Each structure stands twice: as structure tokens, then as C-alpha cells.
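Peer 1: What would the 3D arrangement of this be:
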Amino acid sequence: MLSIDLTGKHALVAGVADDVGLGFAIAKALAEAGATVSIAGWPPALGIFKTLLARGKFDESMQLASGGKFELAHVYALDAEFDKMEDVPAELRDSRRYRDNGDFTISGLAAQVAAAGPIDIVVHSLANGSEVKKPMLETSRKGYLSAVSASAYSMVSMVQHFGPVMRPNGAFVSLTYMASERVIPGYGGGMSSAKAALESDTRTLAFEAGRKWGHRVNVISAGAYASRAASAIGFIDQMVDYAKRNAPLTEAITAREVGTTAAFLCSPLASGITGATVFVDKGMNAMGIAVDREGANA
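Peer 2: Purely as a prediction, here's the structure:
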């Protein structure tokens, strides 16, 4: 019987802020497959996460199918808008929410992870756009570039910094959304452009990281999912409902489905897959018209 076996592998999932998002689901799936898992989170939210974790508020979510409990090896701070500490403005670096987190940049995180032991898997579950609610015609240059920086270039930087310290034949996975190639009104502020860049970069990084280190690089295009982060766009519930009414499979996607897909892509079972965009959206990406309207054939 084939099984996803990540025993002996160490995985880092960047972008975990709670126990209901896709990042957490991926981390848990990797753990269920046998990997040792560490996470990294945004400094202003990390204190709350650690407090809730220590108080046992996530205990139910951290129960594994085997009956054991999901234990995190390390919890790191990461602000993926910065590659090194000299890039961080002094007022941010010295602020109350950042100053006690050490080197929270991408290069700093890579150094800390490498010092803790071998690393095999890196998951990029990061996206942010300061003007995500603005249509493209109202998006400022600053807002557009911030979305691309935090949501797309951060993946480039993570491969740059983690690639050299990973064991050979490592795996990178990131998360994208169908707005990269289809118009999703309301998903603005340059976020659609950032996701398109992320998918394009995945193909280029797969070639370069594959030739240089033997690493694989893939991206999962997850369907609409009502995480707390997705709620920032303001209409995620309508998007979930629309997908349920129009996708080939008429139930909402689950975080576990995204998590298990990520575990597969990081496993030896997917050793021949790299540079791919893998849709986990109940087939929504295949649809050309809505079928929940009069005149369409359901």
C-alpha cells in the first residue's frame, strides 16, 4: 500500500497565525505523515499564538488521526517583507511588537532553522496586500508593490536563503489563488498580480533550484476558503457559496484537503513533480460559465 511517509524529514511552515488557516492544516498534515514540523509567524501576531498554544486552546486542533498530539519543534518569528535586518526601519525594529523577536527577517529565519538541524521542506503560506479592497484602478504604486513584495518576492527570497541550507532533494510549496489568471472583482490591491507572479516564479525557481540543489518547487491553487486571513477581502463567504453552486464537486474545500495535497507534493511520491500549479478547488478552475443561473445546464 502506498503511503505518504515523511519520517525523518524536518519541515518549516511559514505563515501560521492560528489553528484554522491553511498554513496550520499543512503543518498538521506534514506531522501526520511523520515529519518534524516547525512554524514561523508574523511578529505582531506571534505572541497571541504562543499564549493560546501554551494555554491549550489549540489542543483539540492538534489531535492527530493516530491518537497522538501534534507537537511543534520550534516557533519562529518572521516578517517576510524583509530579507535582512538592515532592511528593517529602525522604528519598526525597535517597536514593542518586534524588538524581542531576534532576527525576524527571511535570512535570519533561514540561519536559525539551519542552526537547529537539517531542513527538508519549506512551505510558504504568506500573503498580504495593504490595499486588497481597492480595485486595480484605485491601487497606488506603494500598495501594489507591497502586495507583490509580501506575497510573491518573499517566496523568491525564501528559496534563495533556504535552498543552500536544505538537504538535497528538498521541497518547496506555496499557495496561490485562481485570481492569478481569472478576474475576481474585489480581489484587488495588486494581489491578483502577486499571485500571477508567484506562479510564474514557481516555474523559474523550479528550474534554477532543481539544477542547483535538486530541490522541487510547486504551488497549490486553493479554492475559496473562509480563513481569518481571507476574511480581509470582505466577501469570502459569498465566494465559498458561489464555488459550491458552480464547481464540478459541489461542496466547499476543506483545509485538510489542501494540507494533504501539500504533504503529497513534499513526499517521495511526488518526486517527478516540480514547477507545477496544482488546483485544490473542487474543479472550479475548469469552469467557463456559471451553472446556477437560468439557461445553464447543471
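
Peer 1: Tell me how many other residues crowd A115.
Peer 2: 8 (other Cβ atoms under 10 Å). In short, each C-beta sits where N, CA and C put it, glycine included.

Peer 1: residue ranges with poor pLDDT in the stretch 101-250 of the chain?
Peer 2: For the stretch 101-250 of the chain, the stretches with pLDDT under 70 are 230, 232.

Peer 1: got a list of what the closest residue in space to I39 that isn't next to it in sequence touches?
Peer 2: Spatial nearest neighbour of I39, chain neighbours left out: V16 (4.2 Å); criterion: Cβ to Cβ, 6 or more residues apart in numbering. Contact analysis of V16 by Cβ atoms under 8 Å, 6 or more residues apart in numbering lists G23, F24, A27, I39, A40, G41, F49, S125.

Peer 1: Would you reformat these as TSV and include secondary structure?
Peer 2: Converted to TSV, these look like this (DSSP: H, G, I helix; E, B strand; the rest coil):
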residue	secondary structure
G23	helix
F24	helix
A27	helix
I39	strand
A40	strand
G41	strand
F49	helix
S125	coil
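
Peer 1: from the residues you listed, which single one is nearest R256?
Peer 2: F24 (10.6 Å; Cβ to Cβ).

Peer 1: Verify the contact between the closest one and F70 for me.
Peer 2: No: checked against Cβ atoms under 8 Å, the pair F24 and F70 is beyond contact range at 9.3 Å.

Peer 1: rewinding a little: how about the secondary structure of the residue nearest to I39?
Peer 2: Looking at V16 with three-state DSSP, the answer is coil.

Peer 1: try A243
Peer 2: Criterion first, three-state DSSP; result for A243: helix.

Peer 1: tally of neighbours for it?
Peer 2: A243: 23 neighbours (other Cβ under 10 Å).

Peer 1: from memory it sits against D281, does it?
Peer 2: Yes: with contact defined as Cβ under 8 Å, A243 counts as touching D281 (7.1 Å).

Peer 1: Identify the contacts common to those two.
Peer 2: Common neighbours of A243 and D281 (Cβ under 8 Å, 6+ apart) are G223, A224, I253.

Peer 1: Number of residues surrounding the last one?
Peer 2: Counted with other Cβ under 10 Å, the neighbours of I253 add up to 21.

Peer 1: Perfect, I'm done here.
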